[in-house]
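[1] Need a 3D model of the following:
(one chain, ligands or ions: 2)
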Amino acid sequence: MTEAAQQRGVVIPDYLTVRELAELIEASPIDVIKELMANGIMASINQQIDYETAAIVAAEMGFEPQPEAAVAEEAEVAPEEAQVWRRFYQGEKPENMVDRPPVITVLGHVDHGKTSLLDRIRHANVTAGEAGGITQHIGAYQIEHEGRLLTFLDTPGHEAFTAMRARGAQGADIAVLVVAADDGVMPQTREAYNHASAAGVPIVVALNKMDRAQARPEAVKQQLADLGLVPDEWGGTTMVVPVSAQTGEGLEDLLEAILLVTDDTFIKANPKGKVGGTVLESEMERNRGVITTLLVQNGTLRRGDTVLAGTAYGRIKAMFNQFGEQVKEAGPSTPVQIMGLNEPPPAGTLFETVSSEKEARAIIDQRADEAVTSSAAREPMTLEELYARFKAGEAKELTIILKADVQGSIEPIVQSLQRLSVTEDDHELSVNIIASDIGNVNESDVMLASASDAIIIGFQVDVDNAARRRADSEGVEIRRYDIIYKLIEDVEAALEGLLEPVYEDRVIGTAEVRQVFTIPRIGKVAGCYMREGEGRRDSQARVLRDHRVLHKGRVSSLKRFQEDVREVRTGFEFGLNIDGFTDFQEGDIIQFTVRERVT
Ligand SMILES: Nc1nc2c(ncn2[C@@H]2O[C@H](COP(=O)(O)OP(=O)(O)OP(=O)(O)O)[C@@H](O)[C@H]2O)c(=O)[nH]1
Ligand SMILES: [Mg+2]
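    Ligands and ions are numbered 1, 2, ... in the order given. Here you go, the predicted model:
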């Protein structure tokens with residue numbers, strides 16, 4: 001066992017008294033005061049100390065300190081904002097809302113045992129039948145425990161299925177993060193955690209494969225704590241339940257933990273209200289046509305209803321429960337398969353019911369029109385945009401995803417960023433780093449950013465092509481830095497609203513075309529005279545004729561007497577080429593410009 005694994009985690013607030021610290025680490029206040037003195041700090045028992053100081057003492061006394069702020073981060077995201085499907089409950093009167101089964105998404109790294117765990121829980125055996133043992137689709141099942149229904153969604157752990165994990169996390173009341181005790185926190189564990197915490201979903205950890213000899217639960221708990229999931233036995237808020245899908249050990253405890261979280265969470269719907277939910281999967285079957293798995297989230301779905309999901313619609317011809325039995329209706333939190341849609345809607349699409357297929361078509365047409373306007377209007381989430389939202393009272397935090405080259409860079413950047421927060425007109429804008437990891441910015445980072453209105457900061461890393469394309473289409477801002485202080489400075493400036501860059505083309509020199517030459521292999525070159533200012537090889541140039549701008553382009557060559565030069569000053573003659581323009585005429589005016597940030 002590693003040394004780190006033997007340390008106990010302790011969650012420490014920003015400020016606390018010496019007495020409170022002593023209580024947290026179950027030490028005598030005298031020992032704490034002695035430890036402080038050893039570090040050159042004279043403090044009385046009721047004196048406040050800050051996190052940094054407390055962390056030193058805690059570490060000296062054998063604890064692994066965790067800032068409370070980082071631990072609380074997960075809880076701060078308002079689920080109503082992060083989970084679009086919660087809009088189904090908007091407009092429902094509180095008195096009509098009744099308890100519904102919790103929807104629990106099972107997330108985790110590939111092969112850590114999500115499907116096995118679910119199988120064990122529902123005494124079936126799906127793993128054996130799956131292609132290559134890898135879960136390809138979200139499976140949805142309802143089980144009964146202590147007379148209460150629970151709805152489970154299985155998700156695949158393979159790295160290719162980011163979107164499914166994101167959706168799974170977004171549609172859930174609770175996430176069970178499955179971590180194999182013999183393998184520990186792996187890339188998709190981290191990613192799943194990020195998705196769940198970005199969606200504001202409470203997380204219960206299932207520490208699986210405890211039956212294996214190589215299981216190292218304490219070391220894995222340490223990794224979880226490092227991730228921000230501090231086990232409750234260490235003073236944190238995350239329930240970490242050791243289990244084995246193989247032997248069934250701990251499964252009762254896991255279900256118990258889920259019920260505890262359920263009782264702490266608002267999980268209600270109106271079974272008589274407006275029908276809506278999420279498409280879990282959909283496919284075309286040769287004999288039955290389009291088969292769609294839906295999770296009903298509000299209202300009661302009935303056979304014969306007309307369903308509208310994105311651009312897919314149709315009357316429900318038949319409806320089946322998880323055992324393939326025909327059912328006539330399905331209430332909130334129930335997964336069902338339906339037959340009757342005209343096309344398979346993409347997984348993750350929200351559905352609702354409408355009065356007729358005619359109405360469905362009318363809504364689809366109207367949406368198509370709106371889509372044209374809104375895609376043009378879609379504002380990228382930039383630092384500037386965020387500040388504007390903050391000013392308007394719409395944003396409370398700057399959400400950041402950090403990617404860096406090495407683990408050693410992450411720590412100092414995260415810490416410096418977390419210290420930046422500003423208060424203005426009684427509201428506070430703070431930095432919320434929802435994910436930080438090493439490696440290039442990839443598509444999954446962009447999807448997470450898009451789902452959580454975050455910007456991505458890359459420190460000494462590149463951006464994958466796929467990520468770049470996705471960022472363009474989703475309107476996600478990616479900022480890259482090579483110097484830490486520059487990065488911090490920019491974010492700080494953004495938080496203070498100073499970063500509203502206005503770029504202007506500043507004219508640095510004006511020349512006139514006196515002669516046009518044709519040079520073999522090069523084409524037309526403008527022989528110019530620099531009237532005032534200067535022209536630079538690295539600047540842009542505008543061609544003006546009759547006071548109108550004919551062309552703007554990059555300077556592609558600047559020559560004096562056949563020699564390439566970097567710049568030309570007032571009064572000199574020179575030869576000029578501009579990218580994408582050859583149609584020079586005598587008397588044309590050339591303006592050299594540079595792009596400059598004016599604020
Ligand atoms: N010894 C042991 N093996 C387990 C346990 N749980 C799962 N396994 C094995 O681990 C392998 C992967 O299990 P799955 O349930 O398919 O894992 P998964 O997380 O659903 O995998 P993906 O869906 O591919 O992401 C299988 O060979 C299981 O038999 C456990 O508790 N103990
Ligand atoms: Mg699986």
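[2] Output the below-cut-off pLDDT ranges for this protein.
    Low-confidence segments of the chain, defined by pLDDT under 70: 1-7, 69-87, 123-138, 160-161, 163-164, 369-396, 422-429, 497-504, 597-599.
[3] count of neighbours near Arg595?
    Counted by other CB atoms under 10 Å, the residues lying close to Arg595 total 10. Yep, even glycine has a C-beta here, placed from its N, CA and C like the rest.
[4] Doesn't it lie inside a strand?
    Yes: counting by DSSP: H, G, I helix; E, B strand; the rest coil, Arg595 is located in a strand.
[5] now it: how far from Val507?
    From Arg595 across to Val507, the span is 12 Å (CB to CB, to the nearest Å).
[6] Asp464 now?
    Using CB to CB, Asp464 is found at 38 Å from Val507.
[7] Same question for Gln540.
    Separation of Gln540 from Val507 (CB to CB) stands at 10 Å.
[8] With Thr162 instead?
    47 Å.
[9] cool, and Gly314?
    Taken as CB to CB, the span from Gly314 to Val507 is 62 Å.
[10] Same question for Ser539.
    Noted for Ser539: a distance of 10 Å to Val507, by CB to CB.
[11] Find residues that contact each of these two.
    Shared contacts of Ser539 and Val507, defined by CB atoms under 8 Å, 6 or more residues apart in numbering, comprise 592-593.
[12] Which of the two has more residues huddled nearby?
    Neighbour count, other CB under 10 Å: between Ser539 and Val507, Ser539 has more, with 21 against 14.
[13] nearest spatial neighbour of that one, skipping sequence neighbours?
    Phe592 (4.7 Å; CB to CB, 6 or more residues apart in numbering).
[14] Pretty sure that neighbour sits against Leu558.
    No: Phe592 lies out of contact with Leu558 (CB atoms under 8 Å); the separation is 9.4 Å.
[15] More neighbours: which of those two?
    Phe592 (26 against 23).
[16] contacting residues for that one?
    When contacts are taken as CB under 8 Å, 6+ apart, Phe592 is in contact with 507-511, 533-536, 539-541, 555.
[17] Can you tell me the SS state at it?
    Following three-state DSSP, we place Phe592 in the strand state.
[18] For it, which residues count as its bridge partners?
    Under DSSP bridges, the beta-bridge partners of Phe592 are Gly509, Ala541.
[19] hang on, the earlier thing: if any of the contacts of Phe592 are buried, put those into a ChimeraX selection.
    Buried residues within the contacts of Phe592, by 16 or more other CB atoms under 10 Å, are selected in ChimeraX with:
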select :508,509,510,511,533,534,535,536,539,540,541,555
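[20] which one of the contacts of Phe592 is nearest Ile338?
    Gln540 (58.3 Å; CB to CB).
[21] ok, the closest one touching Arg595?
    Yes: at 7.2 Å, Gln540 counts as touching Arg595 under the criterion of CB under 8 Å.
[22] Mutual contacts of those two, please.
    Shared contacts of Gln540 and Arg595 (CB under 8 Å, 6+ apart): Asp505.
[23] how many neighbours does the residue of the stretch 351-500 of the chain found nearest ligand 1 have?
    At 15.2 Å from ligand 1, Ser444 is the closest residue in the stretch 351-500 of the chain, using CB to the nearest ligand atom. Ser444 has 27 neighbouring residues, counting by other CB under 10 Å.
[24] Also Glu146?
    Other residues close to Glu146 by other CB under 10 Å number 9.
[25] and the gap between it and ligand 2?
    26 Å (CB to the ion, to the nearest Å).
[26] That residue and Asp263 touch, don't they?
    No: look at Glu146 against Asp263 with CB under 8 Å: they stay out of range, at 11.9 Å.
[27] Can you list the helices and strands that the helix or strand hosting Asp119 packs against?
    Per DSSP states H and E: Asp119 is located in helix 114-122. Under the contact definition 3 or more CB pairs under 8 Å, 6 or more residues apart in numbering; DSSP states H and E, helix 114-122 sits against strand 103-108, strand 140-145, strand 148-154, strand 174-180, strand 203-208, helix 251-264.
[28] Take those and write them to JSON lines, including mean neighbour count.
    Listed next are those as JSON lines, based on neighbours: other CB atoms under 10 Å:
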{"stretch": "strand 103-108", "mean neighbour count": "29"}
{"stretch": "strand 140-145", "mean neighbour count": "16"}
{"stretch": "strand 148-154", "mean neighbour count": "21"}
{"stretch": "strand 174-180", "mean neighbour count": "27"}
{"stretch": "strand 203-208", "mean neighbour count": "27"}
{"stretch": "helix 251-264", "mean neighbour count": "17"}
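[29] got those as JSON lines, with distance to ligand 1 columns?
    Conversion of those to JSON lines gives the following (distance: least, CB to the nearest ligand atom, whole Å):
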{"stretch": "strand 103-108", "distance to ligand 1": "6"}
{"stretch": "strand 140-145", "distance to ligand 1": "13"}
{"stretch": "strand 148-154", "distance to ligand 1": "7"}
{"stretch": "strand 174-180", "distance to ligand 1": "6"}
{"stretch": "strand 203-208", "distance to ligand 1": "5"}
{"stretch": "helix 251-264", "distance to ligand 1": "10"}
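[30] Name the nearest residue to the residue of the stretch 301-450 of the chain found nearest ligand 2, ignoring sequence neighbours.
    Nearest residue of the stretch 301-450 of the chain to ligand 2: Ala347, at 15.9 Å (CB to the ion). Leaving aside its chain neighbours, Ala347 sits nearest to Glu281 (5.1 Å; criterion: CB to CB, 6+ apart).
[31] ok, now which ones touch the spatially closest residue to Ala312 that is not a sequence neighbour?
    Closest residue in space to Ala312, ignoring its immediate chain neighbours: Pro345 at 3.9 Å, by CB to CB, 6+ apart. Pro345 makes contacts with 279, 282, 292, 309-312, 351, as judged by CB under 8 Å, 6+ apart.
[32] And for Asn208?
    Counting by CB under 8 Å, 6+ apart, Asn208 makes contact with 112-113, 116-117, 178-181, 243-245.
[33] Let's see that with 10 Å instead.
    Going by CB atoms under 10 Å, 6 or more residues apart in numbering, Asn208 touches 108, 112-114, 116-117, 176, 178-183, 215, 241-246, 249-250, 254.
[34] Generate a PyMOL selection restricted to the buried subset of these.
    Restricted to buried positions by 16+ other CB under 10 Å, the PyMOL selection for the contacts of Asn208 reads:
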select buried, resi 108+112+113+114+116+117+176+178+179+180+181+182+183+215+241+242+243+244+245+249+250+254
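[35] And for the closest residue to Asp264 other than its chain neighbours, the neighbour number?
    Spatial nearest neighbour of Asp264, excluding adjacent residues (CB to CB, 6+ apart): Pro202 at 7.6 Å. By the criterion of other CB under 10 Å, Pro202 has 22 neighbours.
[36] Same question for Ile364.
    Considering only other CB under 10 Å, Ile364 is surrounded by 14 other residues.
[37] hey, where'd the helices end up in the stretch 401-550 of the chain?
    According to DSSP state H, counting those that start in this stretch, the stretch 401-550 of the chain carries its helices in the segments 407-419, 443-451, 465-474, 484-495.
[38] Give me the buried stretch members for the third one, please.
    The one in question is helix 465-474. For helix 465-474, a neighbour-count test (16+ other CB under 10 Å) marks 467, 470-471 as buried.
[39] Now find how far off-centre that helix is within its chain.
    Here helix 465-474 is found 14 Å from its chain centre; the criterion is CA atoms, centre = their mean, to the nearest Å.
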